[in-house]
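**Q** From the sequence below, what's the structure:
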Amino acid sequence: MPFFGELFVSEILRKPVLDPKGEELGKVRDIVVVRGEAFPKVSALILEKKKSLLNLPWTGLNIFNKRIISSNIYTESLQTYEFNEKDLLIVRDIFDKQIVDANGVKVVRVNDVKLEGFDSEAILIAVDVGMRGIMRRLGVERGGEDVMRIFNKHLSYNLISWTYIQPLEPKLTKISLTVPRQMVSELHPADIAEIISQVSHKEGASFFKGLDVETAAEALSELEPDVQAAIITGMDTDKAADIIEEMPPDEAADVLSDLPVDKAKEILESIEKEEAEDIQELLSHEEDTAGGLMTNDFITYPPEISVKDAIEKFRKDAEDVETVYYLYITDPDEKLLGVVSLRELLLAPPDAKLSDILEKKLKTVTPDTDEIEVAEIVSKYNLVAIPVVDTEGFMLGIVTVDDVIDVILPPSAKRKRRKV
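**A** Down below sits the predicted model:
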């Protein structure tokens, strides 16, 4: 059965299909596709005639192109077609569905589908997400090209290869484009969050579930609180716990505080005890205070170790800490003695001890310090992080400059942490 060249589905919709004698079998209403070796392939045309639907198998076609479609069988050989949820139909299930354009980092809509001939079959090779696809469906593509020529412009194609589409499934009701894992890892978490934010919670959750744990944790931090809560609440507890465990403690506490209490407790119980305790500690502090802003993820070293040993140790320890601006020097009881900036560490003689280069005159806050006061101190002294200590000077956590920036954002952009 010959298939000539390539075509877009909208070019053959409502086009008459002729029998061997040239009589009309019906007009093309939709196209059934099935899984092929590399790309989906057309298995049948759904024809409409006098409000009846007929199934014309691909093997029953003689000529198939955008100018003429003819069959080698007659009407009496056609079976009636009834819409089936198990079938994947191009018009019903693919047209107008939202997919992700990974290169443009945005959600787009399928305006048309491109077919191409291969080994006597018609295969689905791409979706059209551009203006040309819309104009083609409206029947004004040629006119649009003429208008563009007047301005010395070209009506460009905007196609996404079916290579990136998920394995076929009936009724594509969720995001239908899989961004390859390598491509996802190259996207900034904020870009992934932007993609998820452009679609419904259901579609966003579907896309989110396809991310690896590390990428999911980074992207989750960038989402709005209500989206975070919707996604995590709908996830399996073990998977949710893996993602929460991957996050910095302060961000994990923020997410858990927005969840239903029962769900939050389930997740905490599934997290390693030490990390769960860190999160619980942060959840115990009042919002709008240094305790509510701080993270207990920081690096402390004893004063007696050498600069050389500290650098070697730091290379390993820093892998597990989100942000590192200073080394905090504490005694065996974790009482804060001073800080060493990374700059001072790198410039100091290798055999010097940390006690020789630490800064003792440092600014600190307590967990109850108001967040506005924390922001003022960080701004006044040009700090990138400030230690949080208890009344006896024992180290509890740090508030970083990015947390302070959140303080000065409009109230609508700030989250409220609820105790669990």
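**Q** List the buried residues in the helix or strand encompassing residue 243.
**A** According to DSSP states H and E, residue 243 maps onto helix 237-246. Buried residues in helix 237-246, counted by 16 or more other Cβ atoms under 10 Å: 240, 241, 242, 243, 244, 245, 246. (Each C-beta comes from the backbone N, C-alpha and C, glycine too.)
**Q** Point to the residue nearest the middle of the chain.
**A** residue 192 (3.6 Å; Cα atoms, centre = their mean).
**Q** I'd like to know the predicted local confidence at it, please.
**A** pLDDT recorded at residue 192 is 82.
**Q** ditto for residue 208
**A** 83.
**Q** Quick check, it in contact with residue 231.
**A** Yes - counting by Cβ atoms under 8 Å, residue 208 does reach residue 231; the two are 5.3 Å apart.
**Q** Settle it for me: which of the two has more neighbours?
**A** Per other Cβ atoms under 10 Å, whichever of residue 208 and residue 231 has more neighbours is residue 208, with 27 against 24.
**Q** tell me which strands and helices the helix or strand containing that one is in contact with?
**A** Residue 208 is located in helix 201-209, with elements delineated by DSSP H and E. When contacts are defined as 3 or more Cβ pairs under 8 Å, 6 or more residues apart in numbering; DSSP states H and E, helix 201-209 sits against helix 189-197, helix 213-222, helix 225-233.
**Q** Could you rerun that using 10 Å?
**A** Applying 3 or more Cβ pairs under 10 Å, 6 or more residues apart in numbering; DSSP states H and E, one finds that helix 201-209 contacts strand 98-101, strand 106-109, helix 189-197, helix 213-222, helix 225-233.
**Q** State the mean pLDDT of the first one.
**A** Averaged over strand 98-101, pLDDT sits at 74.
**Q** for it, the distance to its chain's centre please.
**A** 11 Å (Cα atoms, centre = their mean, to the nearest Å).
**Q** Neighbouring strands - and their directions - for it?
**A** Within its sheet, and counting by DSSP bridges, strand 98-101 is paired with strand 106-109 (antiparallel).
**Q** So which elements touch the helix or strand that the strand it pairs with is followed by?
**A** Where DSSP H and E defines the elements, the next helix or strand beyond strand 106-109 is strand 112-118. Taking 3+ Cβ pairs under 10 Å, 6+ apart as contact, the helices and strands that strand 112-118 lies on are strand 6-8, strand 24-34, strand 41-49, strand 121-128, helix 131-138, strand 159-161.
**Q** in strand 112-118, what counts as buried?
**A** Buried residues in strand 112-118 (16+ other Cβ under 10 Å): 112, 113, 114, 115, 117.
**Q** what's the offset of that strand from the middle of its chain?
**A** 29 Å.
**Q** Give the rounded mean pLDDT of that strand.
**A** For strand 112-118, mean pLDDT is 92.
**Q** Quick one: closest of the helices and strands packed on helix 201-209 to residue 339.
**A** helix 213-222 (25.9 Å; Cβ to Cβ).
**Q** re earlier: quick one: list the elements packing against the following helix or strand past the helix holding residue 243.
**A** The helix or strand immediately downstream of helix 237-246 is helix 249-257, counting by DSSP H and E. Using 3+ Cβ pairs under 10 Å, 6+ apart, the elements in contact with helix 249-257 are helix 213-222, helix 225-233, helix 237-246, helix 261-270, helix 273-283, helix 290-293, strand 395-400.
**Q** Redo the ones you listed as TSV? Include distance to residue 59 and mean pLDDT.
**A** Shown next, in TSV, are those (distance: least, Cβ to Cβ, whole Å; pLDDT from 0 to 100):
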stretch	distance to residue 59	mean pLDDT
helix 213-222	44	88
helix 225-233	45	89
helix 237-246	44	92
helix 261-270	52	91
helix 273-283	60	88
helix 290-293	68	90
strand 395-400	66	92
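**Q** Save these as a markdown table, and put in distance to residue 134 too.
**A** Shown next, in a markdown table, are these (distance: least, Cβ to Cβ, whole Å):
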| stretch | distance to residue 134 |
| --- | --- |
| helix 213-222 | 30 |
| helix 225-233 | 29 |
| helix 237-246 | 38 |
| helix 261-270 | 42 |
| helix 273-283 | 48 |
| helix 290-293 | 48 |
| strand 395-400 | 47 |
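**Q** returning to what we had before: would you mind pulling up the elements that the helix holding residue 243 packs against?
**A** helix 213-222, helix 225-233, helix 249-257, helix 261-270, helix 273-283.
**Q** among those helices, which is the most enclosed?
**A** helix 249-257 (a mean of 25; mean count of other Cβ atoms under 10 Å).
**Q** Nearest spatial neighbour of residue 357, chain-adjacent residues omitted?
**A** Excluding the flanking residues, the one nearest residue 357 by Cβ to Cβ, 6 or more residues apart in numbering is residue 348, at 4.8 Å.
**Q** I'd assumed residue 307 was in contact with the one you found.
**A** Yes - using Cβ atoms under 10 Å, residue 348 makes contact with residue 307 at a distance of 4.6 Å.
**Q** what's the closest residue to residue 289 other than its chain neighbours in contact with, if anything?
**A** Distances taken as Cβ to Cβ, 6+ apart place residue 368 nearest to residue 289, at 5.6 Å, with adjacent residues excluded. The contact partners of residue 368, taken as Cβ atoms under 10 Å, 6 or more residues apart in numbering, are 285, 286, 289, 290, 291, 292, 388, 390, 391.
**Q** Now the common contact residues for residue 348 and residue 307.
**A** Shared contacts of residue 348 and residue 307, defined by Cβ under 10 Å, 6+ apart, are found at 340, 354, 356, 357.
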